[in-house]
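Visitor: Fold the following and give me the result.
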Amino acid sequence: MRREPFGMSAGASRLSASERASDGGSRYRLRDLFTPLDTLLASGGDPRLALDPNDRVNAYGCAASPEPELWNFASATASTISQMAYDRAALAREELMHKCLFDEVEIAFDARCEDMREELRGHLALSSRIDVVFSPSGTDSQLHALFVARAVLGAAPVTIVVGADQTGSGTPHTARGHHFSTMTAGGMAVRKDGAVTGLAGDSIAVPLIDMAAGIAMRTDADAAVLRAVETSLAQGRRVLLQIMDSSKLGWRAPSEACLDEIARRWPRKVQFVVDACQARLGRRRLRAYLDRGYMVLITGSKFFGGPAFSGALLLPKGLSRSIDRMSAIAPGIFDYAGRCDWPVAWTTLRSRFERRPNFGQWLRWEAALAEIGSYYAVPGAFRARMLAELAAGIDNMIALSPSLRAVPTAIEKSGADDEEFAQATIFPFTLLRGGKPVSIAETSAVHRALARDMAEEISGSAADRQVAAQRCLVGQPVRLERQDGAPQAVLRLCVGARLVTEAWSPDAMQTQRNVQQVLDRIAHVLVKIELLLDRGAVAAVPIKPAFEV
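Guide: Sure thing, here's the model as predicted:
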């Protein structure tokens, strides 16, 4: 089976491994840099990233180029790329092309990836001792975390997934060391849910929703986690505990007290990894996790608003030493990483991986870093104040809407480590008609209709049609099972970094006007939802799966 080099455009010709070796690979990949930027940004990922041939959007409803007219409140799912981020990706490509005139592609690319690691550490205020492993998505990074845990624990662990009902759809597969799609980011065809050679193991799901109490967080989450850890260790197994901070509904679990008890009772038998792919946590809390020796999964494509997908695994230095010294490597991990994904200092491990730059992954991270840098350039006091204003305004608007019912937030009592994220930034709600929940199918149709100009489908005043015409994204539906009733779907209004960045101004009056404009737009979105439900316009929307992928 032939493997396509990372970043290869769909229309590019293929070379065999021997042909690439004789060509040195560099000229072949240099040619690939001349692929149109939109194509490159949508390359080097699994099928979720592919653009629909008709509407030119991916599975999240996002195009590969900027759409400034589209209002985006979907940062728990994915965001459209901003013009600023798109321009940075274009400039980064030009700069790499220039450097490749004087050096091999892989050497120039490797140096740029190392610079990006340093930039990401700087934006997140992390020590230079923290290592960064890049990947095409947070789901790929979960496989990297499992690979690392096996090296650190010295055995195949059982993965305990906290919040298994509110994490990525690929997690049930990656937690067991299985393929999460039919195609890897490197272009290798695989069998979904088939074992990744050398990584396969067991997993235990710890859901967070109390199905008997409606849509609410279970009160015994800590006890459930402790039972799962104790039972697994009693069976003689090591544990990789994937904790949640935060979930699709903005929930965090288990508590810090629970984590402390696990560390005290079972030292060196449990490796922790934090699912922080939403990136909705303060930088102090992020550093605290790493100081405890935890691995942390993040992405640049959720809260920060970079284009989907861009994943990273953050590792404290102590773990990286164990990894670089490992002798046996799970063969399947070679399908999920290239040499440039690993830090330059890991010379032994890197030498065993192919030199195959993933241009799409790199450019998406370039775009994400533009957003992350812009966000943290905004004064912290303003970030905290704006998130607080938006949280109060959104809560109030949802409470006043006759067709929306808020899902309770369930974040552990916040402290100083949460910084601006002491405020909720994900606002989940169910849809109602006549006081009764709307079906899953209609909720999905509303989600799709929000992203379309629905003026022709709405009968009413010119003002109503103007509201219906505005295209907007909210977080994709999340399916929630219920113990004594039909499943429900939850939509989400999401506050992302770009809203803060674009609202900030040294002029206090202008800033306040900007914040009010954001709240006005959110009100507009809610009015459009009301119109869609009231006029039955969603019947005109084609039916297709719309759950978070």
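
Visitor: Wait, Met183 touches Arg191, no?
Guide: No: between Met183 and Arg191 there is no contact under C-beta atoms under 8 Å: 10.5 Å. C-beta here means a position set from N, CA and C on the backbone, and glycine is covered the same way.

Visitor: higher neighbour count, those two?
Guide: A direct count of neighbours by other C-beta atoms under 10 Å for Met183 and Arg191 places Met183 higher, at 17 against 10.

Visitor: Show me what the more buried one bridges to in the sheet.
Guide: Following DSSP bridges, Met183 is listed with bridge partners Ala189.

Visitor: Counting residues, which helix of the protein comes out longest?
Guide: Counting residues, the longest helix found in the chain (DSSP state H) is helix 508-535.

Visitor: Show me how far it is from its chain's centre.
Guide: 25 Å (C-alpha atoms, centre = their mean, to the nearest Å).

Visitor: average pLDDT across it?
Guide: Averaged over helix 508-535, pLDDT sits at 96.

Visitor: Kindly report the same for stretch 181-190.
Guide: pLDDT averaged over stretch 181-190 gives 93.

Visitor: so where's this structure shaky on pLDDT?
Guide: 1-28, 212-213, 410-413, 483-484, 537-549 (pLDDT under 70).

Visitor: what about the strands in it?
Guide: Along the chain, counting by DSSP state E, strands occupy 71-73, 131-135, 158-162, 203-206, 239-245, 252-253, 270-275, 295-299, 311-315, 404-406, 426-433, 436-437, 472-480, 488-494.

Visitor: What separation do you get for the closest residue to Ala416 other than its chain neighbours and Gly380?
Guide: Excluding its sequence neighbours, the residue lying closest to Ala416 (C-beta to C-beta, 6 or more residues apart in numbering) is Arg284, at 6.8 Å. Distance, Arg284 to Gly380, by C-beta to C-beta, to the nearest Å: 11 Å.

Visitor: quick one: common contacting residues for these two?
Guide: In terms of C-beta atoms under 8 Å, 6 or more residues apart in numbering, Arg284 and Gly380 are both contacted by the residues Glu419.

Visitor: Next up, the contacts around the residue nearest to Ala416.
Guide: 416-419.

Visitor: Please repeat the previous calculation with a cut-off of 10 Å.
Guide: The neighbours of Arg284, taking C-beta atoms under 10 Å, 6 or more residues apart in numbering as the test, are 125, 415-419, 421.

Visitor: which of those residues sit farthest apart?
Guide: Farthest-apart pair in these is Ala125 and Gly415; separation 17.5 Å (C-beta to C-beta).

Visitor: quick one on the thing from earlier: for the longest helix of the chain, buried residues please.
Guide: For helix 508-535, burial by neighbour count (16 or more other C-beta atoms under 10 Å) applies to 511, 514-515, 518-519, 522-523, 525-533, 535.

Visitor: now do stretch 54-71
Guide: 57-67, 70-71.

Visitor: what do you get for stretch 161-172?
Guide: 161-168, 170-172.

Visitor: Can I get that stretch in CSV? Just the C-alpha atoms.
Guide: C-alpha atoms of stretch 161-172 as CSV (Å, rounded to 0.1, in the frame of the first residue of the first chain):
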residue,chain,number,x,y,z
VAL,A,161,-12.0,8.5,30.0
VAL,A,162,-13.7,11.0,32.3
GLY,A,163,-16.5,12.7,30.4
ALA,A,164,-16.7,10.0,27.8
ASP,A,165,-20.2,11.3,26.8
GLN,A,166,-18.8,14.8,26.1
THR,A,167,-15.5,14.4,24.4
GLY,A,168,-14.6,14.0,20.7
SER,A,169,-16.3,11.2,18.7
GLY,A,170,-13.0,9.6,18.1
THR,A,171,-12.1,9.2,21.7
PRO,A,172,-13.8,5.8,22.2
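
Visitor: just how off-centre is that stretch within its chain?
Guide: 12 Å.

Visitor: rewinding a little: need the strands of the chain in a markdown table with distance to Val225, can you?
Guide: Shown next, in a markdown table, are the strands of the chain (distance: least, C-beta to C-beta, whole Å):
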| stretch | distance to Val225 |
| --- | --- |
| strand 71-73 | 32 |
| strand 131-135 | 26 |
| strand 158-162 | 6 |
| strand 203-206 | 6 |
| strand 239-245 | 7 |
| strand 252-253 | 7 |
| strand 270-275 | 11 |
| strand 295-299 | 17 |
| strand 311-315 | 22 |
| strand 404-406 | 26 |
| strand 426-433 | 22 |
| strand 436-437 | 30 |
| strand 472-480 | 20 |
| strand 488-494 | 23 |
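
Visitor: Verify the contact between Ser444 and Leu491 for me.
Guide: Yes: counting by C-beta atoms under 10 Å, Ser444 does reach Leu491; the two are 9.3 Å apart.

Visitor: Find residues that contact each of those two.
Guide: Joint contacts of Ser444 and Leu491 (C-beta under 10 Å, 6+ apart) are 476-477.

Visitor: Run a quick neighbour tally on the nearest residue to Gly318 once chain neighbours are set aside.
Guide: Once flanking residues are discounted, Gly318 sits nearest to Gly293: 6.3 Å by C-beta to C-beta, 6+ apart. Neighbourhood size, Gly293 [other C-beta under 10 Å]: 16.

Visitor: Might you report the residue contacts of Gly293?
Guide: Counting by C-beta under 10 Å, 6+ apart, Gly293 touches 152, 263, 268, 271-272, 315-319.

Visitor: What about the residues you listed, which are in helices?
Guide: Filtering the contacts of Gly293 for helices - DSSP H - leaves 152, 263, 317-319.

Visitor: From Met211, how far off is the nearest residue to Arg285 once chain neighbours are set aside?
Guide: With sequence-adjacent residues excluded and distances taken as C-beta to C-beta, 6+ apart, Arg285 is closest to Asp417, at 4.0 Å. Per C-beta to C-beta, Asp417 is found 31 Å from Met211.

Visitor: Ok, Ser439 next?
Guide: From Ser439 to Met211 the distance is 18 Å (C-beta to C-beta).

Visitor: for Thr174, same thing?
Guide: Counting by C-beta to C-beta, the gap between Thr174 and Met211 amounts to 24 Å.

Visitor: next one: Ile262
Guide: 25 Å.

Visitor: And the two? Which one has more around it.
Guide: Higher neighbour count among Ile262 and Met211: Ile262, with 23 against 17, using other C-beta under 10 Å.
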